[in-house]
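In: Okay, predicted coordinates and the sequence, questions at the end:
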Amino acid sequence: DAGVTQSPTHLIKTRGQQVTLRCSPKSGHDTVSWYQQALGQGPQFIFQYYEEEERQRGNFPDRFSGHQFPNYSSELNVNALLLGDSALYLCASSPRGQGSGANVLTFGAGSRLTVL
Amino acid sequence: AQSVTQPDIHITVSEGASLELRCNYSYGATPYLFWYVQSPGQGLQLLLKYFSGDTLVQGIKGFEAEFKRSQSSFNLRKPSVHWSDAAEYFCAVANTGGFKTIFGAGTRLFVKA
């Protein structure tokens, strides 16, 4: 059973460019959350997608946007890249339902973005 | 607002020694609490979770954690550390709606022979 898969694993962009990161959730999971982890810090919540809609958002500017597809996979888009956007971007999926189990996150290995 | 504090940026323990990693949280209601571990270049793996009931919870790899409401703490413990436990450990809190999980800054564990 494949877990959460993310692509690409590494990428380098220059300031002002745009980037798209992709995530396939674990089988049986329908909710996808995105996190930004800067070097030496804990993951910071960007947003969560459920039923193809953004359900909640963290303190990130509108340059950060996302999408969820009918097969539950998701994309994270970042426009007008800044040097400070360099980080590990983590995708996490969680299972169906509204009970306590819905809070248990399964993480992918992340996409390492470097902005020059 | 929810928040998580991990007071220790890094801890060094000898192999075979006991371990305790501290975590304090701020949350208005009964929280869902978690410990995750991250090895270099990897995503996060769930060690254990607390939702309700028994305040001492057991996890994988011999880890346990105790929820203390009066102290707003959820400290992680292991009686005997192995070299393979060297990693970054994150405490996290989630609301009961399940929409958002907040992570602490992490504690880096070093294990010396």
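Out: Structure's in. What do you need? What you are looking at is a predicted structure, and each value in this text was computed from that prediction instead of being measured.

In: which secondary structure elements does the helix or strand of chain A with the lowest mean pLDDT contact?
Out: When each helix and strand of chain A is scored by mean pLDDT, DSSP states H and E, strand A:53-57 comes last, with a mean of 91. Applying 3 or more C-beta pairs under 8 Å, 6 or more residues apart in numbering or on different chains; DSSP states H and E, we find strand A:53-57 packed against strand A:44-50. No exception for glycine: its C-beta is placed from N, CA and C like everyone else's.

In: wait, does the strand it packs on make contact with chain B?
Out: Yes: Strand A:44-50 lies within reach of chain B by C-beta under 8 Å from any C-beta of the partner chain, at A:44-45, A:48.

In: List the strands paired with the helix or strand hosting residue A:91, with their directions.
Out: Assigned by DSSP states H and E, residue A:91 belongs to strand A:87-95. The strands that strand A:87-95 pairs with in its sheet are strand A:29-37 (antiparallel), strand A:106-107 (antiparallel), strand A:111-115 (antiparallel) (by DSSP bridges).

In: Name the residues of chain B found near chain A, please.
Out: B:4, B:32, B:34, B:36, B:41-46, B:49, B:51-52, B:90, B:94, B:96-106.

In: Quick one: buried ones out of the residues you listed?
Out: Using 16 or more other C-beta atoms under 10 Å in any protein chain shown as the burial test, those include B:4, B:32, B:34, B:36, B:43-46, B:49, B:51, B:90, B:94, B:96, B:98-106 as buried.
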